[in-house]
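Asker: generate coordinates for the sequence data below:
(2 chains)
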Amino acid sequence: MVEEKKVVITNKTGLHARPAAQFVQKAGKFDSKIEIIFEEKEVNAKSIMGVMSLGVGKGNEITVRADGEDAQEAIKELVEFIEVEMAKEDEE
Amino acid sequence: MILIEGIAASPGIAIGKTLLKKEENIEINKENITENEIENELEKLHSALDDAKESLEELRQDTAEKLGDEKAEIFAAHLMILDDPEVIPAFENKIKDDKLNAAAAVKSVVDQYAAMFAAMDDEYLRERGSDIKDVGMRVIKNLLGVNTISDQIEDNVVIIAEDLTPSDTAQLDTDKVLAFLTKEGSRTSHSAIMARSLGIPAVVGLGTELLEKAENGIEIIVDGNSGKIYFEPDQTTLDDYKVKLADYEAELERLLSYKDQKAASKDGYEVEVVGNMGNLADVDPILENGGEGVGLFRSEFLYMDRDQLPTEEEQFEVYKEVAEKMGERPVVIRTLDVGGDKDIPYLDFPAEMNPFLGYRAIRVCLERDDIFKPQLRALLRASNYGNLKIMFPMISSVRELLAAKSKLAEVKTELEKEGHKFNQNIEVGMMIEIPAAVMIADHLAKEVDFFSIGTNDLIQYTVAVDRTNEKIAKMHTPYHPAVLRLIKQTISAAHEAGIWVGMCGEAAGDELLLPFLLGAGLDEFSMSAVSILKIKEILSQWEKSEAESEVAEILALSTVAEVKDYLTKLKK
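Answerer: Sure, this is the predicted structure:
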């Protein structure tokens, strides 16, 4: 089963540093193969070096794609992490 | 004998042997391996990776215990790299497909990533290249059996390095290391702060000369009080320093008897002698030096060396830990004092012509609820765990003070509604560091529980002297008669209103100034941990009335030189 969803990064620091580490840790919990696609580059979402090497900043749109048994769940949780928890960091 | 001068970053004297930390010179031979050797190289790789993980995990725990979770985060990030599902197979593929030996395979992958990060626009990401290099070097050293610096250390060494990273300092055995010397750095750089926390001398910012002149295993004298170091000292200098070292150790020994004594004058008049701090690592030194609390917690350090604002939760954890460690002892936390010479890049403040007169400290906080409120919430919530007090910086008017207090009241109401517990009667104070605040101290005193005189800024604003400008550094002195009068005026206004008054600038730990401050009625003296015992000793040599009788004399003097002379003669 393949699931994918586009999502815009809204927090100030983008997908770097702590948010990136948290994102990668979350992705690592799923069995599905998970990828982030940004500007025609595809990287393994479970790889911190891969995710950071994309250099995704505020306002960029990325696609999160999951392939596997728990793909649906994975997309739901990861997109929610970006839209809700990462966005919250700025408020605090 | 070669003498080099740098920045005295941590006091004390050390005489020992040099140990140069040079890691850049590790040679990695690129060998082509045969098909049969692949298995063997893969095994070597994985055992080196496992060792690296193990030592990083230890470092992470050690650092978290010693310096707090935030400082340990860097090692957690390094651990993630060693578990990375892209990086590890890349190492393996270099061995399997390109037939490289393990060390060369690691180096090749690390270099690729480092180059990729180095080419990025974002400053934060550019620096991540150094993380993967640091991790890669750790694995390579394991592969080559090269010892890390901690293994090379024999007794009584002085470490000499370009700069020391957190992972270096966390591994040093402080029973064997006498001092640090670095080419880079300032008083506030990581190595300087670590040295002060560990209580060993350090001289930093010694420049390129340090590494040019240094050799391994030669005799060296480090004078952390003056910032001078001597390679291969001549006999006279050596004898001289042996005496100084013995005196210094004897003095430390003598001062230690004041550790558990209540700070008081000879005739039993009690004051508080407390410490200044920036981060968790400063707490233990304050207690070890007999500090009776914290008179200034510079909260801005929580905001520095990172790429976003600390969350309420992060701040809460730090304030709580300090409060708990200090127990009943008071802890005065100053709300964020940013701007001036303290820039926080991610806040993106525009450059200013006169930053010290510009958008800084309370002026920023009153406009930025997103910064101020989480801090006030964290402070109030932490007040449940000890004896915390809140202090506002850079207050120049009653309006600002009332605005800050009303924000605090707002936050209290919010917390109450949410069911959080906190100390409803938490003491609220303000810094006195602007001459305008001294002039209206009577009005301000009605609105707060205490004052704390910040002499560094008070001098700068009173004498109109930029304290970061070396050319006029001599003019930045607490002995200026105008400064002394402002101090006296502040103390009198506070006492008339029935509130207590402290001092948290460098002047509070000034040995010469002590009789004046005691005589003028200062209630609390807050200083670097290293000055606490000495000040307690001097206090115990003066009677309160005797000090009081000098105040009028001192205030009548007309020049800095006269004041200094007079105070020097008073010295016991």
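Asker: how about the residues of the stretch 301-450 of chain B by chain A?
Answerer: Within the stretch 301-450 of chain B, the positions lying close to chain A (Cβ under 8 Å from any Cβ of the partner chain) are B:D307, B:Q308, B:L309, B:T311, B:E312, B:E313, B:Y346, B:D370, B:P374. Just so you know, the C-beta spots here come from the backbone N, C-alpha and C atoms, and that holds for glycine as well.
Asker: what is the neighbour count of the nearest residue to the last one once chain neighbours are set aside?
Answerer: Going back to what we said before, that points to B:P374. Excluding the flanking residues, the one nearest B:P374 by Cβ to Cβ, 6 or more residues apart in numbering or on different chains is B:E312, at 3.9 Å. Other residues lying near B:E312 total 18 when counted by other Cβ atoms under 10 Å in any protein chain shown.
Asker: also B:Q61?
Answerer: Around B:Q61 there are 12 residues (other Cβ under 10 Å).
Asker: which residues sit in contact with it?
Answerer: By Cβ atoms under 8 Å, 6 or more residues apart in numbering or on different chains, the contact list for B:Q61 reads B:A72.
Asker: report the mean confidence score over whichever strand or helix holds it.
Answerer: In this assignment (DSSP states H and E), B:Q61 forms part of helix B:38-67. Helix B:38-67 carries an average pLDDT of 87.
Asker: list the buried ones in it?
Answerer: Buried positions in helix B:38-67, judged by neighbour count with 16 or more other Cβ atoms under 10 Å in any protein chain shown: B:41-42, B:44-45, B:48-49, B:52-53, B:55-56, B:59-60, B:63-64, B:66-67.
Asker: then stretch B:444-454?
Answerer: B:L444, B:A445, B:E447, B:V448, B:D449, B:F450, B:F451, B:S452, B:I453, B:G454.
Asker: need the distance between the two termini of stretch B:554-572.
Answerer: 17 Å (Cα to Cα, to the nearest Å).
Asker: could you pull out the helices for chain A?
Answerer: Using DSSP state H, the helices of chain A run over residues A:17-28, A:48-53, A:71-80, A:87-91.
Asker: so who does residue 20 touch?
Answerer: With no chain named, the answer covers chain A. By Cβ under 8 Å, 6+ apart, A:A20 lies in contact with A:I48, A:V51, A:M52.
Asker: wait, I meant chain B there
Answerer: B:I160, B:A161, B:L211, B:A214, B:E215, B:N216.
Asker: starting at the chain centroid, how far to the helix holding B:Q61?
Answerer: 29 Å (Cα atoms, centre = their mean, to the nearest Å).
Asker: what's the helix or strand that that helix is followed by in contact with?
Answerer: Proceeding N to C from helix B:38-67, the next assigned helix or strand is helix B:69-82, under DSSP H and E. With contacts defined as Cβ under 8 Å, 6+ apart, helix B:69-82 is touched by A:18, A:21, A:24-25, A:48-49, B:49, B:52-53, B:56-57, B:59-61, B:63-64, B:87-88, B:131-132, B:134-135, B:138-139, B:166-167, B:281, B:314, B:317-318.
Asker: touching, B:D163 and B:L181? I think so.
Answerer: No: with contact defined as Cβ atoms under 8 Å, B:D163 does not reach B:L181; the gap is 10.7 Å.
Asker: who's more crowded, those two?
Answerer: Neighbours were tallied for B:D163 and for B:L181 using other Cβ under 10 Å; the higher tally belongs to B:L181 (31 against 14).
Asker: just to revisit the earlier point, which of the contacts of B:L20 are buried?
Answerer: B:I160, B:A161, B:L211, B:A214.
Asker: how close does the residue nearest to the second one when sequence neighbours are not counted get to B:N216?
Answerer: Spatial nearest neighbour of B:A161, chain neighbours left out: B:K21 (4.0 Å); criterion: Cβ to Cβ, 6+ apart. The spacing between B:K21 and B:N216, counted by Cβ to Cβ, to the nearest Å, is 10 Å.
Asker: quick one: low-confidence parts of chain A?
Answerer: For chain A, the stretches with pLDDT under 70 are A:17, A:89-92.
Asker: change it to 80
Answerer: Within chain A, the segments meeting pLDDT under 80 span A:12-18, A:87-92.
Asker: show me which residues of chain B sit near chain A.
Answerer: B:73, B:76-77, B:80-81, B:84-87, B:113, B:116-117, B:120-122, B:124-125, B:128, B:132, B:307-309, B:311-313, B:346, B:370, B:374.
Asker: the buried ones among the contacts of B:L20 in helices, which ones?
Answerer: Short answer: the buried ones among the contacts of B:L20 in helices (DSSP H) are B:L211.
Asker: need the contact partners of stretch B:346-357.
Answerer: Counting by Cβ under 8 Å, 6+ apart, residues outside stretch B:346-357 touching it are A:12-13, B:306-309, B:338-341, B:343, B:358-359, B:364, B:371, B:457, B:460-461, B:466.
Asker: now, those residues that are in helices?
Answerer: Reading helices off the contacts of stretch B:346-357 with DSSP H, I get B:V364, B:I371, B:D457, B:Q460, B:Y461.
Asker: what's the neighbour count on B:L415?
Answerer: Residue crowding around B:L415 was assessed by other Cβ under 10 Å; the count is 16.
Asker: show me the contacts for it.
Answerer: Contacts of B:L415 by Cβ under 8 Å, 6+ apart are B:R377, B:L380, B:R381, B:F422.
Asker: would you say it is within a helix?
Answerer: Yes: under DSSP: H, G, I helix; E, B strand; the rest coil, B:L415 falls within a helix.
Asker: quick one: it from chain A, how far?
Answerer: As judged by Cβ to the nearest Cβ, to the nearest Å, B:L415 and chain A stand 15 Å apart.
Asker: please apply the same query to B:T468.
Answerer: 29 Å.
Asker: checking my notes, that residue in a strand, right?
Answerer: No: the assignment for B:T468, made by three-state DSSP, is coil rather than a strand.
Asker: pull the number of nearby residues for it.
Answerer: Neighbours of B:T468 under the rule other Cβ under 10 Å: 12.
Asker: per-residue pLDDT of it, please?
Answerer: 73.
Asker: backbone dihedrals for the residue of the stretch 301-450 of chain B found nearest chain A, please?
Answerer: Of the residues in the stretch 301-450 of chain B, the one nearest chain A is B:T311, at a distance of 4.1 Å by Cβ to the nearest Cβ. Backbone torsions for B:T311, taken as degrees, to the nearest 10, come to phi -80, psi 170.
Asker: isn't it up against B:P374?
Answerer: Yes: at 6.7 Å, B:T311 and B:P374 qualify as touching, with contact defined as Cβ under 8 Å.
Asker: more crowded one of these two?
Answerer: Legend: neighbour count by other Cβ under 10 Å for B:T311 and B:P374, higher for B:P374 (21 against 16).
Asker: in what helix or strand does the more buried one lie?
Answerer: Residue-wise, B:P374 maps onto helix B:369-382 under DSSP H and E.
Asker: buried residues in that helix?
Answerer: Within helix B:369-382, the residues scored as buried using 16+ other Cβ under 10 Å are B:I371, B:F372, B:K373, B:P374, B:Q375, B:L376, B:R377, B:A378, B:L379, B:L380, B:R381, B:A382.
Asker: what about that helix, distance to the chain center?
Answerer: A distance of 22 Å separates the centroid of the chain from that of helix B:369-382, by Cα atoms, centre = their mean.
Asker: list the strands paired with the helix or strand following it, with their directions.
Answerer: On the C-terminal side of helix B:369-382, the nearest following helix or strand under DSSP H and E is strand B:387-392. In its sheet, strand B:387-392 lies beside strand B:330-334 (parallel), strand B:427-432 (parallel), with partners assigned from DSSP bridges.
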